[in-house]
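Q: Let me see the structure of the following:
(chains A, B, C and D)
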Protein chains: 2
Amino acid sequence: MSKLLESSCLHCKKRSDIFEALSDEELDRVDMCRVNMRYHAGEIIFKQGSPCYDFVCVTSGLVKLYIESENDHRLIIGFAKPIDYIFVPGAYVDKRHHFSAVACEDTTACLVEADMIQNMVKTNPNFASSFIRKISAQSIALLEQISSITHKQIPGRMADTLIYLSTKVYNSNPFTTNLIRQDLADLSGMTKESAIRVLKTFKEDDLIRIDGNQIEIINQPMLETISRNG
Amino acid sequence: MSKLLESSCLHCKKRSDIFEALSDEELDRVDMCRVNMRYHAGEIIFKQGSPCYDFVCVTSGLVKLYIESENDHRLIIGFAKPIDYIFVPGAYVDKRHHFSAVACEDTTACLVEADMIQNMVKTNPNFASSFIRKISAQSIALLEQISSITHKQIPGRMADTLIYLSTKVYNSNPFTTNLIRQDLADLSGMTKESAIRVLKTFKEDDLIRIDGNQIEIINQPMLETISRNG
DNA sequence: TTTATGGGGTGATATAAATCAACTAAATGC
DNA sequence: GCATTTAGTTGATTTATATCACCCCATAAA
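A: I've put the predicted structure just below:
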């Protein structure tokens, strides 16, 4: 279930950085190709394999991005939070989504026609540069995650996940999250049971504290050491 | 050891696709910021962590791209072959290389100043689009590799590697390669010993034939099934 | 010639992590 | 109020894969 909201890009306070490069007139054009959507926690925004028509700009809430494989395995490759827009690599290649996006809290987002964005890339050089900068950053994040998951074992991977959540997603410590254990596992490339077990050892070693939905990193230096040692 | 070659972008037969969008005048500008290099097999072209000044366009040979971690683990994330250029995500973010590049055969390549390319993105919209298309394709390839390595076990991963080499890198079957077993392992996220063992079972099951440097996929449908089943 | 060296290969063993199977506790629905 | 589902947790067991310790063989170096 979703409902339409009204406002304008020009005066939007939740505008993604990349739009800063646009003139008022260009923003109006974006406005014309834009739908504001509201998603409930758990709702799918787009699904891996489906055709992609729109770019998604998250204005509130939190969106989880993940790849899924035949055998029901999931790997969370990142999150999109307010004022992020979700880069969809398929838009320029095969017009398909290569990962899925799900609202993990109640979320609002603007869908902007992919053609419009691609057009803007052609007409506004600064927009093009911002766009490439964004893709580049996402590529780097992917490389880091590949590196973590393939080269480190469970404690190192979970340390990376916790540090990532605290410093890149929630930007706070302690942070309050409604990610469940399975999500932490899917971020770290392990099973739910393994995730629970490492978290337990981290708690016992006073590296972190978990209280309901709140996670606090108590000993970040030690977590970083664990991350480095793999 | 490397030596300088002479020629011009304008009449170059080894020009990467993305340059097609450029005018003669723009090609001349690229020419001015260009150095032609020759690398011997095994030589490093750039190393993860080092500052990046140039984009690399491979004109002959083969280049292996990999990420390395503290504990000497390597993961090959792809290859660049003639008429590819190597997209360096750090160029737009932190001016650092996030993976290393090594010539795995004798290789020639043109180094073009990153500033020049970034400038071209701003002045030529079609070039910008080509550029984004290329990055997007690389992102998709990374997603596929992440998916293979984290969701599949050894036979599935090696099947993916063999199919990848045959269809995407060498574009032939059988193909002749000078990749060693360790490289096949680094492509598949496993140890050399494990790589040798799966290859042995593949040979015994008549899925592939290996004769010196030549690898032939005999039963691709079966390999694809193994890949799907993980 | 012998001596390194690097790659391919194999078996035995160790181990990290998945799987399986229970059992709580909380939340939700009827 | 009871039944059902979902999340969290734990222990026992299995298994995939890494590690270790070798072997051989070719080539290059001394």
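Q: Am I right that A:I117 is in contact with A:F55?
A: Yes. Using C-beta atoms under 8 Å, A:I117 is in contact with A:F55, at 5.1 Å. In short, each C-beta sits where N, CA and C put it, glycine included.
Q: shared neighbours, those two?
A: A:A91 (C-beta atoms under 8 Å, 6 or more residues apart in numbering or on different chains).
Q: residue ranges with poor pLDDT in chain A?
A: Applying pLDDT under 70 to chain A picks out residues A:1-6.
Q: tell me the domain boundaries of it?
A: Here the domain parsing of chain A from automatic domain parsing is A:9-126, A:148-229.
Q: how long is the first one end to end?
A: Distance between the boundary residues of domain A:9-126 (C-alpha to C-alpha, to the nearest Å) amounts to 18 Å.
Q: hmm, back to that, between A:I117 and A:F55, which one's more packed in?
A: A:F55 (25 against 20; other C-beta atoms under 10 Å in any protein chain shown).
Q: Mind listing what's buried along the helix or strand containing that one?
A: Per DSSP states H and E: A:F55 is located in strand A:54-60. Within strand A:54-60, the residues that count as buried by 16 or more other C-beta atoms under 10 Å in any protein chain shown are A:54-59.
Q: so who does A:S136 touch?
A: Here A:S136 is in contact with B:89-93, B:135 (C-beta under 8 Å, 6+ apart).
Q: which is the next helix or strand following the longest helix along chain A?
A: Selection of the longest helix in chain A by residue count, based on DSSP state H, yields helix A:125-151. Counting by DSSP H and E, the next helix or strand C-terminal to helix A:125-151 is helix A:154-164.
Q: how far out from the middle of the chain is that next one?
A: 17 Å (C-alpha atoms, centre = their mean, to the nearest Å).
Q: anything in it near DNA strand C?
A: Yes. Judged by C-beta under 7 Å from any atom of the strand, helix A:154-164 comes into contact with DNA strand C at A:154-155.
Q: what comes into contact with that helix?
A: By C-beta under 8 Å, 6+ apart, helix A:154-164 touches A:148-149, A:152, A:184, A:187-190, A:194-195, A:198-199, A:201-202, A:208, A:215, A:217, A:220, A:223-224, A:226-230.
Q: Narrow these to those that are buried.
A: A:148-149, A:152, A:184, A:187-190, A:194-195, A:198-199, A:202, A:208, A:215, A:217, A:220, A:223, A:226-227, A:230.
Q: Quick check: helices, which of these are part of them?
A: Secondary structure assignment by DSSP H places A:148-149, A:184, A:187-188, A:194-195, A:198-199, A:202, A:220, A:223, A:226-227 of those in helices.
Q: And those, which two are furthest apart?
A: A:S194 and A:Q220 (21.9 Å; C-beta to C-beta).
Q: Spell out which parts of chain A neighbour DNA strand D.
A: A:180-182, A:192-193, A:196-197, A:199-200, A:210.
Q: of these, closest to A:L22?
A: Looking across the residues of chain A next to DNA strand D and measuring by C-beta to C-beta, the closest to A:L22 is A:I180, at 38.4 Å.
Q: And the residue nearest the centre of chain A?
A: Nearest to the geometric centre of chain A sits A:F79, at 1.4 Å (C-alpha atoms, centre = their mean).
Q: Now the residue of chain A found nearest DNA strand C: closest residue in space, sequence neighbours ignored.
A: Closest to DNA strand C within chain A is A:Q153: 2.7 Å, counting by C-beta to the nearest atom of the strand. Using C-beta to C-beta, 6 or more residues apart in numbering or on different chains and skipping residues adjacent in sequence, the residue nearest A:Q153 is A:G230, 5.9 Å away.
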